[in-house]
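Undergrad: Need coordinates for the following:
(chains A, B, C, D, E and F)
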6 protein chains.
Amino acid sequence: MFMRVDKLQIELPLPKASTPNAAAALQELLGGKYGEMSTLGNYMFQSFNFRSKSKLRPFYSLVAAITAEEIGHVELVSNGVALLNNGPGDPEEGADISDAPFSDMQEIRLAASFLSNGGGAMPMNSNGASWNMDFVTTTGNVIFDLLHNFHLECGARLHKLRVYETMTEPAGREVCGYLLVRGGVHAHAYALAIKKLTGVEIEKMLPTPNILLDKIPECQKYLAEGSHRRLYRFSPDDYKEMAGIWGNGETALPGDPPGELEVVDGMPDGGKIPELEGTPSAFTPDYAPEEFYEIAAKLYKKSR
Amino acid sequence: MFMRVDKLQIELPLPKASTPNAAAALQELLGGKYGEMSTLGNYMFQSFNFRSKSKLRPFYSLVAAITAEEIGHVELVSNGVALLNNGPGDPEEGADISDAPFSDMQEIRLAASFLSNGGGAMPMNSNGASWNMDFVTTTGNVIFDLLHNFHLECGARLHKLRVYETMTEPAGREVCGYLLVRGGVHAHAYALAIKKLTGVEIEKMLPTPNILLDKIPECQKYLAEGSHRRLYRFSPDDYKEMAGIWGNGETALPGDPPGELEVVDGMPDGGKIPELEGTPSAFTPDYAPEEFYEIAAKLYKKSR
Amino acid sequence: MFMRVDKLQIELPLPKASTPNAAAALQELLGGKYGEMSTLGNYMFQSFNFRSKSKLRPFYSLVAAITAEEIGHVELVSNGVALLNNGPGDPEEGADISDAPFSDMQEIRLAASFLSNGGGAMPMNSNGASWNMDFVTTTGNVIFDLLHNFHLECGARLHKLRVYETMTEPAGREVCGYLLVRGGVHAHAYALAIKKLTGVEIEKMLPTPNILLDKIPECQKYLAEGSHRRLYRFSPDDYKEMAGIWGNGETALPGDPPGELEVVDGMPDGGKIPELEGTPSAFTPDYAPEEFYEIAAKLYKKSR
Amino acid sequence: MFMRVDKLQIELPLPKASTPNAAAALQELLGGKYGEMSTLGNYMFQSFNFRSKSKLRPFYSLVAAITAEEIGHVELVSNGVALLNNGPGDPEEGADISDAPFSDMQEIRLAASFLSNGGGAMPMNSNGASWNMDFVTTTGNVIFDLLHNFHLECGARLHKLRVYETMTEPAGREVCGYLLVRGGVHAHAYALAIKKLTGVEIEKMLPTPNILLDKIPECQKYLAEGSHRRLYRFSPDDYKEMAGIWGNGETALPGDPPGELEVVDGMPDGGKIPELEGTPSAFTPDYAPEEFYEIAAKLYKKSR
Amino acid sequence: MFMRVDKLQIELPLPKASTPNAAAALQELLGGKYGEMSTLGNYMFQSFNFRSKSKLRPFYSLVAAITAEEIGHVELVSNGVALLNNGPGDPEEGADISDAPFSDMQEIRLAASFLSNGGGAMPMNSNGASWNMDFVTTTGNVIFDLLHNFHLECGARLHKLRVYETMTEPAGREVCGYLLVRGGVHAHAYALAIKKLTGVEIEKMLPTPNILLDKIPECQKYLAEGSHRRLYRFSPDDYKEMAGIWGNGETALPGDPPGELEVVDGMPDGGKIPELEGTPSAFTPDYAPEEFYEIAAKLYKKSR
Amino acid sequence: MFMRVDKLQIELPLPKASTPNAAAALQELLGGKYGEMSTLGNYMFQSFNFRSKSKLRPFYSLVAAITAEEIGHVELVSNGVALLNNGPGDPEEGADISDAPFSDMQEIRLAASFLSNGGGAMPMNSNGASWNMDFVTTTGNVIFDLLHNFHLECGARLHKLRVYETMTEPAGREVCGYLLVRGGVHAHAYALAIKKLTGVEIEKMLPTPNILLDKIPECQKYLAEGSHRRLYRFSPDDYKEMAGIWGNGETALPGDPPGELEVVDGMPDGGKIPELEGTPSAFTPDYAPEEFYEIAAKLYKKSR
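TA: Alright, predicted model coming up:
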């Protein structure tokens, strides 16, 4: 089972302008082959399909707990996409819909993001191609699935780096910076799991690509607080056994701020979920807001 | 953010035999157009993309909380699929892999379920077609998205009924029975949300299809405990505002056991996640388990 | 614009049993690369996109009129699929839905045809893969598009022959027999159009594959009535100009019953659309029919 | 069976320039999830697969007749796309093909629309993704299918509104304006059908989104002539029974010009199909037109 | 550039019966995510897109030469599929096509393999899903692409093992046995390349899955001849530089027959391409063979 | 079996700038329905699945040998795409990756070409849609498959002409010019094969579209050297029998430089494969090149 907390894993800076092509680039990290829907989909189905869970509990716990973090990553990137698409709110209030108020939306790279999704995120990549099960590997063979996951996290890191390099928008850069740190943790964790089972010190391949996070300003505050050494259990009581893999004297990768790896209870503090202002002239949430909000306000009072 | 608890929403009966074609039928409820990946995908992206969250909080809370339940539904159906595929454990231990020990796997309806996924669940429908973003609607228009969701839950109910009618396997029947009750709750909830916004008593269309759950033996224990009147918050502290929609004197649908609708803190008690025995001759978790499990056992002790 | 007449192009024999795998084979002629959705989709979009219509009117008229016939072919194959799936009606009336009344539906080749479509036809091929725009060619180059269409009709004929060779079911055989005659007409017509524009006697490649229709008993009544020499205008007033291609002294292909080609006003006499009995236990049209039909009967009287 | 008439449902203004990105936006209304290929595909297969047609004739007639109108909508949007792509005709006659006469076609949003389709329409959405069977729901359950259709028409209306808001091009605006009126009729009709079967006054949700058509100048002439109150039978003799649903004293929706709903014989008067000038340098219809048209002219004379 | 030699990489035993479901299982190794189309597609596009070829020549040569071998693997599996589908030749000669001579083809798992492909292989997996670019990774980052390839070969080995375990058919078993040996070579080669660049002894993870080839009878003759120690250049003059990776004192993996790794000039001796007998009643190559072969015989003489 | 030679079929001019939208247009010739992946895929699978190879050897040899040439075409277009994407090399060396050095990559038509593929080619069309098996026809019926191939080559020629007309970039123009000549040869060859089998002089339809290659400057040097009259065997010893089709006194098409058709041993001389400079800041081949190249240099020496 899964629970939800009404926070993002980090707080995102609010954009000052609508930049749909930046949002489209960020979609690569949401629905691309090496995006967060893929890390989520792989670990989720691997954890559901896991064989001999009781005998291999540290490995099961690792995959299961990271799954929970990945849903939050999908949430984070999706919020980033929606923020970049929509910008700071509604400049169009009271717009005359017969006056082509969105004529500029014909020119954005992924026009359906406006026409169909009203600026919202979708499980697709930066070219508009859908996420699908071709991106999921779940064989039931635990060594192979871990190797797949190690490769997936390295690929995800490469894609995050490239998307970051296209971004001048602070909200997009913050998403990338945070995910680079957390993706590094996951790559490291899968490497250690492989090492425990095979003896191969595959974590020495890290970082792949071959660049340290000290080159990324947006990563520094997360490194400083030790995020690169922490795996969260994302659970009230479960998944403690992953400490057999992540912990036990294993330390941060060379070049990153030093220290012991640690399994952390619960989840990060997180940040506020951004408020996306409606754009009535785009029928989000709908055209006549006054009456609309009044209804909602009454309900809200009743629910107290 | 999301958290995970190492339990299923209900306990499933363990199968006595491997029945891959029953598993294939159950896949319709996982990756079909009206399956749980679709309910999850729709509500997840709608909640991420929700406009004017603060002003429309009861509606946002409803979609957000149901999202959390749906991940658990994906988990439940996936466990059902894996159980039906794999049966009670490993009759093949020590099998000679050169003796075509899995020749019967050529004849099952979805052969890749064994060849590629080792009996695990995948985000595909009963014909093996992938789930994809064509099944996601997220327009940012709250009335339309709620109407879509109401239609989606009615369609999901029809598909659950039909899958159920093909099942003699207790694990598959239990999955269907539970989901019929919970899907009924979600349909009812979206109907009430629409009624609050538009005044249309659309809940009077329920149940669609036109059959009461008293016809389904597997539903009775869930009805008896009042599951059809409960929406769980699936959150430590959030989403209470949905009580403005689900509650306030609204009652169970006519024909179902009577009583008031209630928003319930937390989540259901849940049941044990089934142990899927490995099949070494199918390389799940791998061919030579002894050494394998020994390593894991050591790690497990260390993690304590 | 298009109009509709509540008839099939021919009358189909009613099946005595449900044969879902025969229905699945027939799907190849509906949604396969060389099926009727493809002939419809190609000619429909080519006619919409046709350049210099007024100057090339005989060619435009040919493609436009055949489009109308192809919608009827899609209708005919769809009715055949639904008949084969559903058989002679409802043996299940009053079935106990908790008694797995459709357990045999787990074993049919395309289980979603029952689970999702209730036995109805879908735009997919015999493996369950969706029809899509990859099967549409519309370049605006009239010679190339006609060459494409000639190849498409030859391929369609090959597929019809093979599907026919798998059929013992009279309804399926009748569909194939009729479509073989009409597909032959279309192949011939596109060949003549190419000959007019290029001088190449490409109609001498026909029949491809190299077998005459006199080998197919189900074709004989259509040959006897001269269907192989007729192109219908499928229009009250338009598309007469195709007589410049189909006519003008051109005659039936060698080996077929001899005679002049002719453009025929209107459409064939057609046959009765089969009544598909509902299966209440599969919720088609729904579970409680008595009340249902009563409503409809009242409406029907009002509409008179 | 289907017939064809060589007219569009309305007359479209001819564009003064080629605007491929406007054409790409309009593609959303052709091949998108809520586009005309979807309304066509859903109603077409539902009408083919309809159970108990004789007993539920008013409902069958409604779906069957609207199907015929929808083919004409696909035709209308396709003509709009082709017009916007191609503009007023050929400025390139005699162009030197070695001089990169179409270098600007590298920059348009959907380059394959030129490279492959020569400016023609295709069954894809505004991002270039193909229409496919994932967009078709045909369950055989009449109440659920009608609810699906109601939701589909509301979604289609939202998408038409948004596409309209991006358009400054008169041809694109006219397409949207007309389809908004006709789509409103279909949403209303499905609502009334649901009301007859379930008693729920679901038509009171209309209009969704919550904006009246009096805000759209392009809709006014259609409202003035009463198009919003008319369902055409699109058939010489059939489908009269839908008058039991659309009629019987039911009236126009509040806020639209008042009056009784009426089933109209035949079809609208319609308008001229636009002539798309060829572009010989793009090989549409082909490079050497003189000889080409001469052939066609001879054929045309013969066919008279 | 590429050249072709009219031989298979090995000789396949001819089947005594048509076994389409075995052919369908073998399709997993052709068009599945971890099949030969994927190994070919990945290495082919990586070699085309390779950066700094001159500076990284040993790595480029490795990927480029293995590409050539992979086309031969696609050919080998395709021949296996066609053999298993078609069996020993034509029992149907002179069949009456109106007598449903292929009625058994309605029951095979992938019916389109007969209906559309006449028993031929297609780039699809064992469920009939198409190979596509989602299975190709080509990032331009050489370390990551090599890691991907290492994971791909390990996954391919797992899938080959499972397909093998379903096979009683000698032709299918021979394909699997040979590919297991050659796939092992490729996995080893990519591991050594990674070791040269990163120092990580990732080859110690092999074999994955954890089973030696001495358990597979069909592998023994290839092991005995040292195939597991050989990389062929598959080129008259090029790709010698890969000896820097595969060679230099590196030896066979522990457990396999010992010996030094060696780069071998040219290609294996190979075996005869199987003759697939035509089935005239299925129109392969076509219905009237006598005249057909006569034409071909004349041409053949002329070409001498 | 297949061999590889480290050359392109022709030498390409190096670009002076990065022009990603030109690369995107060229993708239509790589992964589009009428692109080189399609010609390769069709002929490759047809040659694998060919029936009665010994009896129909000239036809088999023709398809088999052209397959080998087509892999080289895929290679040629891929190199063209990568050149146009990447331009003359790396202007970014030493770039600060935190300074958004690739912000312009948000605006290119197919952003994933940079983000995921690092400027490399992929099997997709100019809209970013994946190549897949829907583009492969292999029926086993030799006459029909040849007719399909004739139509495919005519369609490919039309697409090459249109892509050419968008290109000002010399590398892209050279690719188109060469492929137009070679595609013309293949269309001619399939036409002659059809003529041998059916007697229809279908080669008289050529050229389709109706424009001679003397209008394309980039074709002239290839015409001058007689490339339009040559079919290469692309094999050390095999496929000579195709001389029964291509040869025997058949001559060049009217309008092209005259002369006899000839089967040529081996392959063209070819040209140098372009060196794609790495872009360390895009992690191609990776970030820290010095150490990287040093490793490779050592290996290279060892391999000598």
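Undergrad: Residue A:243 is in contact with residue A:265, isn't it?
TA: No - between residue A:243 and residue A:265 there is no contact under CB atoms under 8 Å: 10.9 Å. For every residue, glycine as well, the C-beta is placed using N, CA and C.
Undergrad: So for these two, which residue has more residues nearby?
TA: residue A:243 (22 against 11; other CB atoms under 10 Å in any protein chain shown).
Undergrad: So stretch A:234-253, near chain E or not?
TA: No - using CB under 8 Å from any CB of the partner chain, we find that stretch A:234-253 stays clear of chain E, coming within 13.2 Å at best.
Undergrad: Give me the distance from that stretch to the chain's centre.
TA: 21 Å (CA atoms, centre = their mean, to the nearest Å).
Undergrad: Please work out how many residues are found near residue A:262.
TA: Residue A:262 has 13 nearby residues by other CB under 10 Å.
Undergrad: Per-residue pLDDT of it, please?
TA: Listed pLDDT for residue A:262 reads 97.
Undergrad: and it, what is it in contact with?
TA: Applying CB atoms under 8 Å, 6 or more residues apart in numbering or on different chains to residue A:262 gives the contacts A:229-231, A:246-247.
Undergrad: try it again with 10 Å
TA: Residue A:262 makes contact with A:226, A:229-231, A:243, A:246-247, A:250, according to CB atoms under 10 Å, 6 or more residues apart in numbering or on different chains.
Undergrad: Among those residues, which lie within helices?
TA: The members of the contacts of residue A:262 all map outside helices under DSSP state H.
Undergrad: Would you point out the most distant pair within those residues?
TA: Greatest spatial distance in the contacts of residue A:262: A:226 and A:243, 16.1 Å, computed using CB to CB.
Undergrad: circling back: reformat the contacts of residue A:262 as a markdown table; add distance to residue E:182 and pLDDT.
TA: Listed next are the contacts of residue A:262 as a markdown table, based on distance: CB to CB, whole Å; pLDDT from 0 to 100:
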| residue | distance to residue E:182 | pLDDT |
| --- | --- | --- |
| A:226 | 47 | 98 |
| A:229 | 42 | 98 |
| A:230 | 43 | 98 |
| A:231 | 39 | 98 |
| A:243 | 41 | 96 |
| A:246 | 37 | 97 |
| A:247 | 41 | 92 |
| A:250 | 37 | 96 |
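Undergrad: quick one: which of those sit in strands?
TA: A:230-231 (DSSP state E).
Undergrad: Of the contacts of residue A:262, which is the nearest to residue A:142?
TA: residue A:246 (16.4 Å).
Undergrad: What does the pLDDT read for residue A:94?
TA: In this prediction residue A:94 is given a pLDDT of 67.
Undergrad: next one: residue A:288
TA: For residue A:288, the model assigns a pLDDT of 69.
Undergrad: hey, what's residue A:279 bridged with?
TA: Taking DSSP bridges as the rule, residue A:279 bridges to residue A:284.
Undergrad: quick revisit: and which of the contacts of residue A:262 is nearest residue D:40?
TA: residue A:231 (51.6 Å).
Undergrad: Look up the residues forming beta bridges with that closest one.
TA: Beta-bridge partners recorded for residue A:231 (DSSP bridges): residue A:263.
Undergrad: okay, now it: neighbour count?
TA: Using other CB under 10 Å, residue A:231 has 25 neighbouring residues.
Undergrad: got the contact list for it?
TA: Listed by CB under 10 Å, 6+ apart, the contact partners of residue A:231 are A:61-62, A:65-66, A:69, A:182, A:185-186, A:188-189, A:239, A:242-243, A:245-247, A:261-264.
Undergrad: What subset of those residues is buried?
TA: For the contacts of residue A:231, a burial check counting by 16 or more other CB atoms under 10 Å in any protein chain shown picks out A:61-62, A:65-66, A:69, A:182, A:185-186, A:188-189, A:239, A:242-243, A:245-247, A:261, A:263.
Undergrad: Name the residue closest to the centre of chain A, please.
TA: residue A:73 (2.1 Å; CA atoms, centre = their mean).
Undergrad: hang on, residue A:232 packs against residue A:186?
TA: No - using CB atoms under 10 Å, residue A:232 makes no contact with residue A:186, being 11.4 Å away.
Undergrad: so what's in contact with those two at the same time?
TA: A:66, A:69.
Undergrad: ok, back up a step: spell out which residues are contacts of both of residue A:243 and residue A:265.
TA: In terms of CB under 10 Å, 6+ apart, residue A:243 and residue A:265 are both contacted by the residues residue A:233.
Undergrad: now the closest residue to chain E within the stretch 151-300 of chain A, nearest residue through space, not along the chain?
TA: Nearest to chain E, among the residues of the stretch 151-300 of chain A, is residue A:151, at 4.4 Å (CB to the nearest CB). Among residues not flanking residue A:151 along the chain, residue E:151 sits closest, at 4.4 Å (CB to CB, 6 or more residues apart in numbering or on different chains).
Undergrad: can you confirm the one you found is in a strand?
TA: No - applying DSSP: H, G, I helix; E, B strand; the rest coil, one finds residue E:151 to be helix, outside a strand.
Undergrad: Give me the pLDDT for it.
TA: 98.
Undergrad: pretty sure it contacts residue A:148?
TA: Yes - counting by CB under 10 Å, residue A:148 is a contact partner of residue E:151 at 5.6 Å.
Undergrad: how far away is residue A:283 from residue A:294?
TA: When distance is defined by CB to CB, to the nearest Å, residue A:283 is 18 Å away from residue A:294.
Undergrad: Please identify which of these two sits among more neighbours.
TA: Shown here are residue A:283 and residue A:294; by other CB under 10 Å, residue A:283 has more neighbours (27 against 11).
Undergrad: Pull the contacting residues for the nearest residue to the more buried one once chain neighbours are set aside.
TA: The shortest distance from residue A:283 to any non-neighbouring residue, by CB to CB, 6+ apart, is to residue D:209 (4.2 Å). If a contact means CB under 10 Å, 6+ apart, then residue D:209 has A:280, A:282-288, B:139, B:141-144, D:154-155, D:157-158, D:161-162 as its contacts.
Undergrad: now with 6 Å?
TA: Contact partners of residue D:209, counting by CB atoms under 6 Å, 6 or more residues apart in numbering or on different chains, are A:283, A:286-287, B:141, D:158.
Undergrad: In helices only, show me these.
TA: residue D:158.
Undergrad: ok, residue A:204 - how many residues close by?
TA: By other CB under 10 Å, 15 other residues sit near residue A:204.
Undergrad: On the three-state scheme, it is what?
TA: helix.
Undergrad: How about residue A:127?
TA: Assigned with three-state DSSP, residue A:127 falls in the coil class.
Undergrad: and it, what does it touch?
TA: Residue A:127 neighbours (CB under 6 Å, 6+ apart): F:110, F:112, F:128.
Undergrad: picking up where we left off before, so the residue nearest to residue A:283, which of the three states?
TA: Going by three-state DSSP: residue D:209 is coil.
Undergrad: ok, and the closest non-adjacent residue to residue A:81?
TA: residue A:121 is the one closest to residue A:81 (CB to CB, 6+ apart), at 3.9 Å.
Undergrad: For the stretch 51-200 of chain A, what lies in contact range of chain B?
TA: Taking CB under 6 Å from any CB of the partner chain as the contact definition, the stretch 51-200 of chain A meets chain B at A:51-58, A:68, A:71-72, A:75, A:78, A:82, A:117-118, A:120-124, A:130, A:132-133, A:138-143.
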